[in-house]
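**Q** just coords:
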């Protein structure tokens, strides 16, 4: 099967996820800047963090499917599996935010990031398998340092959050920063091989 | 008419349906894992179940429209009819969940699954009719055992739920598992006949 | 400009509109069928009615843009204008429903249907103007009896609702039924002229 | 990378943003026209204003990407950056509305419009850079008077709102009116050079 509809559906789900988080932002109580910062400043920062994470997934998903020509039923489900974990991000974000960064909610947020990362990895495996070992995707991925480093950092972050939530959150932010640098592998590969989609 | 827009609109509706169910997940009361499991554990499981059902419909819809080239006005409405029943899933899920699996809500959930299955069957009939008896779709569907078995299992499940809700729910889960195995018919057909979309 | 993105954006907006109305469906109070019918039966019917109206607009929009090749900036805004009125349907539906069909809310619902119909007509004019007098669209529309009859029926319905809401609502339902019969003009035209999109 | 998915994702996000604002419209208390105007008239006007602003961004985004052939990772993030600020519009609209146009919320709304305008400008720069100095986009933009005037008007509007909110809001409305006139540059350019997309 062609990838077009998988991409369109994923775009739709990610667009809804990224936007419904705004519904969690409660209107500030009071009408001064001080009120706004006091009552919604923190929610704004957690929204920003989760927005960036969903943005990263959309970005990487987009890059990955530039190099995939065909998908099978297994890849469709691997993709739905990823979307399931990402769809929980608004929920775990809201819990972390509402608890004002209590230990368990922060660790739960980290676990959500971890499961999404694992699901992404499984999707990559599934898509690579369907494309074959000599596929453009396989070669473009290379050693996939970032993809392998992220789950490790999440795990360390979750463990660290058990002791100090801010250390844990800092590690989650580090992963976000690592990925914010766009994945040049795909672009370089596309440029070098001048693949037309 | 071409199928492109029917697919895009369906993707949009299904993407919204699958994601707004997350809005039903209330933030756990309390900040411990125990609190989370006690207050939202059950909602999580019903969300997962409905996510899988919507995922199955998207998957089968995707497979079906791989083999459909043209649609007429009747098929557009058959598709909207399916989307109507699927759009009620978040509602019946919420009722079943909120009632903590009381008899009538569980049976209502089953009826919703049944109406969606019937609507899917009607859509298949309509699309097949438009494509003609010798169409790729008609031949790829074959005897359509799964499609015929599902409504029967739903009916049995609804009846069983009248006596014991857990037997009913188990039967709904069985249908989900049957369909989670991707519909190889379409893929096999596509592979054998190497149809390019 | 090509019509692709106008169609994709309209599909997205209509998909969200049609689905967020489900969020208005409150979970029934109580766990019996009687409770469900008593507390949400009426909301279900108004949801169904508005679902059908949005479905009709999607359907006609789909048919219309089959015959449109190019759009200009004016048509983009005529389309946004239509989407604006349609986006208010969930709001006017909720008011009509919540008031249990009080006179002003029912008339407001009718006015919303009327403004959407007028906006659709303006879009048609704008799109036809851009395509020219001899366009396929212009000829396929023919005398456009349904398009001209609908606003009249809405107006009569709004006036009738001032005296008896049920007469008004019946007239709105009549318009829905008229349009549920798919617009054969476009299909016939497409078939006769075998236009490939 | 091709622009198709960036456009589809942006369409999805903008479609959700433009529609979820309707969820903020509370059902009027009471069932008379007077009640409706008293309790939701103001919300309706702020909804209309923000609908137009999102519509303008969709419109300009659409026009811009008619002339862009390829995007790189930087442009993907510049686009997400724009979507982030636009996703806050429902939030700042709700605050401004709920405060009944208090000073700080109105200024915050203006700041949100300003950040979105700056983000759009950054996206334009990024897209132009990727296309090269002799690109169609670069030439079609010309001196870009409107793009440069808008942030200035927003800034003046924000400052004016500190003294009198209505002067500030009037200036925001002026920007909306300036942009409601469709951006003929792109269309003219497309017509003159008869570029087929």
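**A** Received the coordinates, thanks. As the structure is a computational prediction, the values presented were derived from the model and not from experiment. Numbers count the residues shown, from 1 in each chain, chains lettered A, B, ... in the order given.

**Q** My read is that residue A:3 contacts residue A:71, right?
**A** Yes - contact between residue A:3 and residue A:71 holds when scored by Cβ atoms under 8 Å: they sit 5.5 Å apart. For the C-beta atoms, the positions are set from N, CA and C on the backbone; glycine is no exception.

**Q** Looking at the two, which one has more neighbours?
**A** More crowded of residue A:3 and residue A:71, by other Cβ atoms under 10 Å in any protein chain shown: residue A:71, with 24 against 19.

**Q** In chain A, which helix is the longest?
**A** When every helix of chain A is counted residue by residue (DSSP state H), the longest turns out to be helix A:33-66.

**Q** List the contacts of residue A:150.
**A** Remark: with contacts taken as Cβ atoms under 8 Å, 6 or more residues apart in numbering or on different chains, residue A:150 is in contact with A:117, A:175, A:178, A:179.

**Q** What about residue A:142? Give its phi and psi, please.
**A** Listed backbone geometry of residue A:142 is phi 60, psi -130, with angles given as degrees, to the nearest 10.

**Q** Run through the residues of chain A sitting next to chain C.
**A** Neighbours of chain C within chain A, by Cβ under 8 Å from any Cβ of the partner chain: A:12, A:15.

**Q** quick one: least confident helix or strand in chain A?
**A** Here the helix or strand of chain A ranked lowest by mean pLDDT, DSSP states H and E is helix A:184-193, holding a mean of 63.

**Q** For the nearest residue to residue A:1 once chain neighbours are set aside, which residues are in contact?
**A** For residue A:1, ignoring the flanking residues on the chain, the nearest one in space by Cβ to Cβ, 6 or more residues apart in numbering or on different chains is residue A:71 at 5.4 Å. The neighbours of residue A:71, taking Cβ under 8 Å, 6+ apart as the test, are A:1, A:2, A:3, A:6, A:79, A:127, A:130.

**Q** packing partners for the helix or strand harbouring residue A:119?
**A** In this assignment (DSSP states H and E), residue A:119 forms part of helix A:103-131. With contacts taken as 3 or more Cβ pairs under 8 Å, 6 or more residues apart in numbering or on different chains; DSSP states H and E, helix A:103-131 sits against helix A:33-66, helix A:73-87, helix A:89-98, helix A:136-141, helix A:145-163, helix A:165-180, helix B:33-66.

**Q** Let's see that with 7 Å instead.
**A** helix A:33-66, helix A:73-87, helix A:89-98, helix A:136-141, helix A:145-163, helix A:165-180 (3 or more Cβ pairs under 7 Å, 6 or more residues apart in numbering or on different chains; DSSP states H and E).

**Q** Going by mean pLDDT, which of those comes out lowest?
**A** Mean pLDDT is lowest for helix A:136-141 out of the helices and strands packed on helix A:103-131, coming in at a mean of 72.

**Q** Just confirm yes or no for it near chain D.
**A** No - judged by Cβ under 7 Å from any Cβ of the partner chain, helix A:136-141 makes no contact with chain D; its nearest approach is 12.7 Å.

**Q** Can you mark which positions in that helix are buried?
**A** Using 16 or more other Cβ atoms under 10 Å in any protein chain shown as the test for burial, helix A:136-141 gives A:136, A:137, A:138, A:140, A:141.

**Q** ok, for the first one, nearest residue in space, not its chain neighbours?
**A** In this case it means residue A:136. Closest to residue A:136 by Cβ to Cβ, 6+ apart is residue A:67, at 4.6 Å.

**Q** Touching, that neighbour and residue A:141? I think so.
**A** No - assessed by Cβ atoms under 7 Å, residue A:67 is found out of contact with residue A:141, at 8.8 Å.

**Q** what sits against the residue nearest to residue A:93 when sequence neighbours are not counted?
**A** Spatial nearest neighbour of residue A:93, chain neighbours left out: residue A:50 (4.5 Å); criterion: Cβ to Cβ, 6+ apart. When contacts are counted by Cβ atoms under 7 Å, 6 or more residues apart in numbering or on different chains, residue A:50 is found next to A:21, A:89, A:93.

**Q** Mind checking if the strand or helix carrying the first one is in reach of chain B?
**A** What that stands for is residue A:21. Secondary-structure element containing residue A:21, defined by DSSP H and E: helix A:4-24. Yes - using Cβ under 7 Å from any Cβ as the criterion, contacts between helix A:4-24 and chain B involve A:5, A:8, A:9, A:12, A:13, A:16, A:17, A:20.

**Q** among these, who's most crowded?
**A** The most neighbours of any of the residues of helix A:4-24 next to chain B, using other Cβ under 10 Å, belong to residue A:12, which has 31 neighbours.
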